[in-house]
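Peer 1: Show me how the following folds:
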Amino acid sequence: SPVDLSLNNRGEFAVTWLEVIPPYWELTSVWVQRFDLDGYPEDRAFLPHDIPGNYLLPFTFPRVALNDEGDLVVTWRDQPNPDTVYRRFQVFDAADEPILSWRPRGHLLDYEELGSWAEPYWLDDDRFVAFWTKHLDQGYGIVGEVFVHRGLARYPIRAVVVDEEAYMWGWSGSDRDFSVVFSSDERFAETHERGYSHWDPRCLWEHGGGVLGEIRDNEPWRRTTLFEYTPPLGKDTAYSYLLCATTAVAACDDRIVWVYTRPNPDTILEAWALITDWNMGVGVVEQPIVEKPPNWEVITSIGPQIVLRYQDRPDGFRASIFEASGRKVDELKSPAQTGVLTWGESYGPGVYFIVLKSAGATKAQKVVLIR
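Peer 2: The predicted model follows:
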């Protein structure tokens, strides 16, 4: 989907879309603009990233979320080479000024060999959460990550659901892979398609499935196992792969509306809706999500000192500290296999990055020193 929009409670909405970049007519860039409820622009359209002079810029699938203070977060999909998909983001204030340091291609959410885009949602005027599909050890699933201080600090990525029947998570099509909605007390409902097939005779059909969850300690947690909410379907559900089916969800604090498509013999597709409360039962049994604890994590990412904990590192711990400008300013070293380290007492306030290289992979954690 090349267009997305977000509405806040103060009478404005933001739209993001793709445009080609002359003279690179096959390449696209992400644009963002604000409007009032009458559709009049409130600002000039702007880019959340740089436009390079002569190299590939395959930005696609932009998403936007707008809070009541006018801050907006934009996400997009970036694939600079055939082997890797990067999910990028940037946050802007009400004056369209970037809240995070400027990165030519945007800040990194996550990356993998294949994958689609990320869906952002504001929890309040300070925190937002992003969900995206990812290939996990148990198969494809949805993960989420909460950002605080308008994106300046982030909590660990957490798996929310794994579904082997969600076949479309294995590729990036033109439809939304999933849909999420929040209540005012930070409960959420998620829905996606669950695909089934029969070979003789050849037919395919889908059910709407999902989970209920909540934001707990600034992490997304699932409250139910995976369930299906569509009623039992019969012969009229068989359809070819050429037809498009999708699901969506909306909610308030006491009701959820689940929307799904359903073929029948007289029409190609119909839109159906099911209204429930938040106390839904448990349906399909899914594989338990086994989350391995990280062998290092930042316990305190914002403060006068940064606190880091690590474990199960036979060769000890070693990481580099960089300023936001990219200049290396310090190193963290410890010969112990397990321990807790503090850093930052002799350094000025600002944004820093703890960078650890291990087993051929590099992980960077943003931290903020304040006085």
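Peer 1: And Val329, what's its pLDDT?
Peer 2: Per-residue pLDDT puts Val329 at 93.
Peer 1: my bad, His192
Peer 2: Confidence at His192, expressed as pLDDT, is 90.
Peer 1: What strands line up against the helix or strand hosting it, and which way round?
Peer 2: Using DSSP states H and E, His192 sits within strand 187-199. According to DSSP bridges, strand 187-199 forms sheet pairs with strand 179-182 (antiparallel), strand 202-216 (antiparallel).
Peer 1: quick one: which of those has the weakest pLDDT on average?
Peer 2: Among the strands paired with strand 187-199, strand 202-216 scores lowest, with a mean of 83.
Peer 1: Mind putting the strands paired with strand 187-199 into CSV with mean neighbour count and distance to Asn8?
Peer 2: Using the backbone N, CA and C atoms, a C-beta is placed for each residue, glycine as well. What follows is these, written out as CSV (neighbours: other CB atoms under 10 Å; distance: least, CB to CB, whole Å):
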stretch, mean neighbour count, distance to Asn8
strand 179-182, 19, 14
strand 202-216, 20, 19
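Peer 1: Now do the contacts for Asp185.
Peer 2: Asp253 (CB atoms under 8 Å, 6 or more residues apart in numbering).
Peer 1: cool, the one 4 residues further on as well?
Peer 2: Contacts for Ala189 were tallied using CB under 8 Å, 6+ apart; they are Val180, Val181, Gly210, Val211, Leu212, Gly213, Val249, Ala251, Ile256, Trp258, Trp278.
Peer 1: Tell me which two in these are the farthest apart.
Peer 2: Gly213 and Trp258 (15.1 Å; CB to CB).
Peer 1: Show the low-confidence segments of the stretch 201-350 of the chain, by residue range.
Peer 2: 201-204, 231-245, 264-268, 281-294 (pLDDT under 70).
Peer 1: try 90
Peer 2: Within the stretch 201-350 of the chain, the segments meeting pLDDT under 90 span 201-209, 224-247, 260-272, 274, 279-303, 311-315, 322-327, 345-346, 349-350.
Peer 1: Could I get the full set of strands for it?
Peer 2: For the stretch 201-350 of the chain, applying DSSP state E, counting those that start in this stretch gives strands covering 202-216, 219-222, 227-228, 247-251, 256-264, 267-276, 296-300, 302-303, 306-310, 317-323, 328-334, 339-343, 350-358.
Peer 1: Dump those to CSV, plus distance to Val368.
Peer 2: CSV is the format used below for the strands of the stretch 201-350 of the chain (distance: least, CB to CB, whole Å):
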stretch, distance to Val368
strand 202-216, 21
strand 219-222, 19
strand 227-228, 40
strand 247-251, 34
strand 256-264, 37
strand 267-276, 41
strand 296-300, 10
strand 302-303, 5
strand 306-310, 9
strand 317-323, 12
strand 328-334, 14
strand 339-343, 12
strand 350-358, 6
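Peer 1: So Glu193 sits against Glu228, correct?
Peer 2: No. Taking contacts as CB atoms under 8 Å, Glu193 lies outside contact range of Glu228: 10.4 Å.
Peer 1: any common contacting residues for the two?
Peer 2: His207, Gly208, Gly209.
Peer 1: okay if I get these as TSV plus distance to Gly39?
Peer 2: Shown next, in TSV, are the shared contacts of Glu193 and Glu228 (distance: CB to CB, whole Å):
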residue	distance to Gly39
His207	38
Gly208	32
Gly209	36
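Peer 1: Just give me the closest of these to Gly115.
Peer 2: Relative to Gly115, and with distances defined as CB to CB, the nearest of the shared contacts of Glu193 and Glu228 is Gly209, at 20.2 Å.
Peer 1: my guess is the closest one contacts Phe227, does it?
Peer 2: Yes. Counting by CB under 8 Å, Phe227 is a contact partner of Gly209 at 6.5 Å.
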